[in-house]
Structure formats: C-alpha cells, structure tokens
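*Asks:* After the sequence you'll find the predicted model.
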Amino acid sequence: MLNVLENLEPKRVFHYFEELCAIPHGSGNEKAISDYCVAFAKSHDLWVRQDEANNVIIRKPASLGYEKAPVLMIQGHMDMVCEKNSDVDFDFENEGLKLKVDGDIVSASGTTLGGDDGIAVAFALAILEDKTLEHPELEVVLTTDEEVGMKGAHVLDVSDLKASYLLNLDNESEGQILTSCAGGMKSRASFPVRFADWEGFGGKISISGLKGGHSGAEIHCGRANANRLLGRLLFELSKELNVGVRSLNGGMKDNAIPREAEAEIVIRPEDKESFIEICHDFIDAIRDEFAVADPDIRIEYQIDIEKEKTFTIFNPTDMERILFMYVQSINGIQTMSMELPGLVESSLNLGIVRTEEDKVIFSWAVRSSKKSLKYYISDQLAYMVEFLGGTYWYEGEYPQWAYRSESPIRNLVADTYKELFGKEAKIEAIHAGLECGLISEKMPELDIVAIGPDIMDIHTPDEHLSVASVERSYRLICEVLKRIKR
C-alpha cells in the first residue's frame, strides 16, 4: 500500500523510494524497476539509454550558468538483497515491500528494506525531476545485479559517458566519505555425494536468531556464522556418535553473514541421550562465546522417537569430506591493513551451503583491498576443495577501488559537509565492495567518492534507515551539485 511515507521529508525522495519499494527488485529481477526508471526519464523529456543488462543511464542538461562546469555522474544500483525471517510469508518475486515508519526509522515488515540501494535511486530521480536545482550536466547511472557480482557494472558501456566526477550513493554511513574499497569475487565449491541407507530416528538441527549482516561492512563485528556453527556442532557430534546426514542448508546470499542453517539428520536409538547431552553442552558454549556479539542465537533440535525408520543419508565417507570442509576451511578476517589501522584488508564469508540432489554446494564472498591476497584466499579454498574431491570455481570478480591522493571531489564534499553541519566528515576506506572499482577501471580519470545516509543492518530483515539522515544527505548532495561550477 502506497502513501506510508507521504509525510516524510524530503517529500519527493520518499515518494520515489516508496514507489520503488512497491516494485519487486531483488537481484536478477530488475526488469520492472529498470523499465520504471526509463519511463520516468521519458516522461520528463530526458535522454535515456537502457542496455541488455537493464542498466539505465539518464542525462539531465546543465542548469543555466553551469554549461561549462565538469559533468558529474550520480550512481547507484537498482537491485536489493532479498532476506526475510523464516516465519514470514513473503514472495520477493511478486510482492511489493510492506513499509512501516516508527519515528525517525523506516523499515519493512519482516524483510530487508532495500535502502541499499533504493535510496540512491530515489535521490537520483528526485534530482532529475527538480527543475529548481542548480547543477552541472548530470549523468545518472543505475546498474543491475550489484549484490550478486556487480554484473550490471561489469557490462556497462561507458563509451558515451563524459563525467569528470562521480558521486556513488551506495554508502550507508552519513558523514563518511569513502575514497577506496576492497575488490572481491564469489567462490564456489561442489562436493558430489553418494547415498546409503541408515536405520534410526529422523530429526533436524536448526540454527537461527543470529544477527547476520553485510559480509564486508560487518565482518569485523565478531558475529556468528550459522553455517559455521552448524558444521561445528556436527563435528562435535561426530567425535562421539555416528550421525547420518540427509541434507545441509544455510544462508541465502554469499555476501550476507548467514543467520540461519539446518541439517536433516538420523541418529541411532541408543545414541539419543548422548546426542541430547552433546547438543546442550554445545548450546551453552556458543551462548557463552557470543554473549556480547550475537546474544540471541537459537540452536534447536527435533528427534522423532516414535518409530525407528530407514532413511537415505549421505554416504559417511562423502559426509566426512564435507564436514572437513566445514571445520577446516578458512573463514572471516584473514588480514588487517597495515596502512590504515582498523581496516580489514582481506576476508571471506561462507554465506551459502545448500543441498542439490546429489551434491552439496558451498559459496563464499571473498574480499581484499590487495589483488594478490584475493587470489591467495581463492587458492587456499581451491586447494582444499580439490584435495577433498570437490570442484572449485570463482565468478563475479571485481577490482578494488584505489585511493587517490589528489581528489577535488573529495575536498568539495568534505568542505561542503563541514559548512552545512559544523563538523568534519570522516574520510575513510571500506572493506565492502563497491561498483566504484569497476567504473574507475573503465574510466581511469574519473574522480570518485561514495556517500549516503545512515542505513543500519543492511542485508538482514532488520534493515532500517534514518529519515533525518536522508534529509541531511539529500541537502548535502544538492549543495555539492550547486558548487560544481567553473
């Protein structure tokens, strides 16, 4: 239902954000939102180009007196991460988001909000619409599939783009001016499984309640990874019991720290008491380990003790290889930057484990601000996967965005921020990946910064954005446009 946000300021930004939220636009499902942006441009008599990947480029001529100013690009992505709580019935393919407002906070009911990066698209459309703004010629670049390997940016044709400066609006921290980011890739592994018959009690282990979060922006927070916890519990059980495994599934996106995971299992009747005791000891240990970083973890089990049955399970030898991968493969922070204290330099996140017929798939998001470390992490995974009889590959690789010592746009945004709000902006690098790396590779002379409003808990159903921060960020963007004048 529209008009939930109609009383929020800036009105046109929230008008467009609500319209965008009404259009399903998860990664891979962006045709409708892309067409919406094209229709918007045509209705406002603006030049527009839409490519086969559904990227959209819209041009707005310079306002009076800005004809000789350098061209500025405003850039964001149209897709969103689709995450929901397990008890929420919601169809991301066909339903619009159910928005709600609580004071300064906008969120969605039980799902991700898509503020990452829908608010950037809303900013751009409001700017394109407003004929009262003073600004240079604008090139608005809206890309697709950013959350699943930056596929749109990979194929973006920049041959007709003229921008000297780029404002990327895919930053979720107000007052922060990003000037570089990590590169990355999506690493995959496939383990074949054979099957065996196993008699016992059927059951399930479920892990839920984790905070999750963005695997770049929050990898340093010490939060639990549901896939890793599941593997660890199965390992603890394997030290004393023979547990049959029927399926393994966890996580939805490789770039989101997984919040939930589950295994369908079979245990021998004589092992029931030991199984319960090991699970309880494990639950106590995990609650203690993550009491601060992830206090709401739930580890639950169900065992059907009514009747012993024959089940089809993973061949124990194949399962042992998979369990070895769970327990021994690297995960989380690998190195910290020596140049920028406090910045994660390289990491990986086991975001997805899923069972597909006769194989188990592992998916990681690998990140590094140094290309060599990115490949070293990939090599370590490949070595272990292939040693264990699996198949390894990577895809969706994107480059890091390097810091520029001289940056007029960085200086302009920082000075404008200080004048508007009376405090210094934070000029920082980020461990998350941004499309700035790919675009700067295509346009090496482009001077880039990334800014945006406060959006919290992105890539989780708890995602929410600050209304006041959106207003301040929009004011900053419009003032920066006004000051780009020669």
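*Replies:* Here it is on my side, so go on. Numbering: from 1, shown residues only.

*Asks:* show me where this structure has helices.
*Replies:* 11-21, 31-43, 115-129, 151-155, 226-238, 272-289, 316-328, 371-387, 408-421, 436-442, 467-483 (DSSP state H).

*Asks:* Between helix 226-238 and the longest one, find me the angle.
*Replies:* For helix 272-289 against helix 226-238, the angle between stretch directions is 140 degrees (axes from the mean of the first three to the mean of the last three CA atoms, to 10 degrees).

*Asks:* which outside residues touch helix 272-289?
*Replies:* Contact with helix 272-289 is made by 201, 205, 224, 229, 232-233, 236-237, 240-241, 243, 267, 295, 297, 299, 301, 303, 305, as judged by CB atoms under 8 Å, 6 or more residues apart in numbering. Every residue, glycine included, has its C-beta placed from N, CA and C.

*Asks:* same question, the last one
*Replies:* Counting by CB under 8 Å, 6+ apart, the neighbours of helix 467-483 from elsewhere in the structure are 8-10, 13-14, 72, 74, 101, 104-106, 119, 123, 126-127, 133-136, 138, 167, 169, 174, 412-413, 416-417, 420-421, 451-454.

*Asks:* Mark which of those are buried, thanks.
*Replies:* Buried residues within the contacts of helix 467-483, defined by neighbour count using 16 or more other CB atoms under 10 Å: 8, 10, 13-14, 72, 74, 106, 119, 123, 126-127, 133-136, 138, 167, 169, 174, 412-413, 416-417, 451-454.

*Asks:* re the thing from before, I would like a ChimeraX command selecting only the buried ones among the contacts of helix 272-289, please.
*Replies:* This is how ChimeraX selects the buried members of the contacts of helix 272-289, with burial counted by 16+ other CB under 10 Å:
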select :201,205,224,229,232,233,236,237,243,267,297,299,301,303
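
*Asks:* Mind checking which of the contacts of helix 272-289 land in strands?
*Replies:* Phe201, Ile205, Val243, Ile267, Ile299, Tyr301, Ile303 (DSSP state E).

*Asks:* coming back round to it: looking at the helices of the chain, which is nearest to Ser187?
*Replies:* helix 371-387 (5.4 Å; CB to CB).

*Asks:* Tell me which other helices or strands that closest one touches.
*Replies:* With contacts taken as 3 or more CB pairs under 8 Å, 6 or more residues apart in numbering; DSSP states H and E, helix 371-387 sits against strand 183-192, helix 316-328, strand 332-336, strand 344-356, strand 359-368, strand 391-398.

*Asks:* Out of the ones you listed, which is the most enclosed?
*Replies:* Most buried of the helices and strands packed on helix 371-387, by mean neighbour count (mean count of other CB atoms under 10 Å): strand 359-368, with a mean of 24.

*Asks:* rewinding a little: Throw the helices of the chain into JSON lines and include mean pLDDT and distance to Glu93, thanks.
*Replies:* Putting these into JSON lines (pLDDT from 0 to 100; distance: least, CB to CB, whole Å) gives the following:
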{"stretch": "helix 11-21", "mean pLDDT": "98", "distance to Glu93": "15"}
{"stretch": "helix 31-43", "mean pLDDT": "99", "distance to Glu93": "11"}
{"stretch": "helix 115-129", "mean pLDDT": "98", "distance to Glu93": "17"}
{"stretch": "helix 151-155", "mean pLDDT": "96", "distance to Glu93": "18"}
{"stretch": "helix 226-238", "mean pLDDT": "98", "distance to Glu93": "24"}
{"stretch": "helix 272-289", "mean pLDDT": "97", "distance to Glu93": "34"}
{"stretch": "helix 316-328", "mean pLDDT": "97", "distance to Glu93": "30"}
{"stretch": "helix 371-387", "mean pLDDT": "98", "distance to Glu93": "31"}
{"stretch": "helix 408-421", "mean pLDDT": "98", "distance to Glu93": "38"}
{"stretch": "helix 436-442", "mean pLDDT": "96", "distance to Glu93": "27"}
{"stretch": "helix 467-483", "mean pLDDT": "99", "distance to Glu93": "27"}
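
*Asks:* Good, we can wrap up now.
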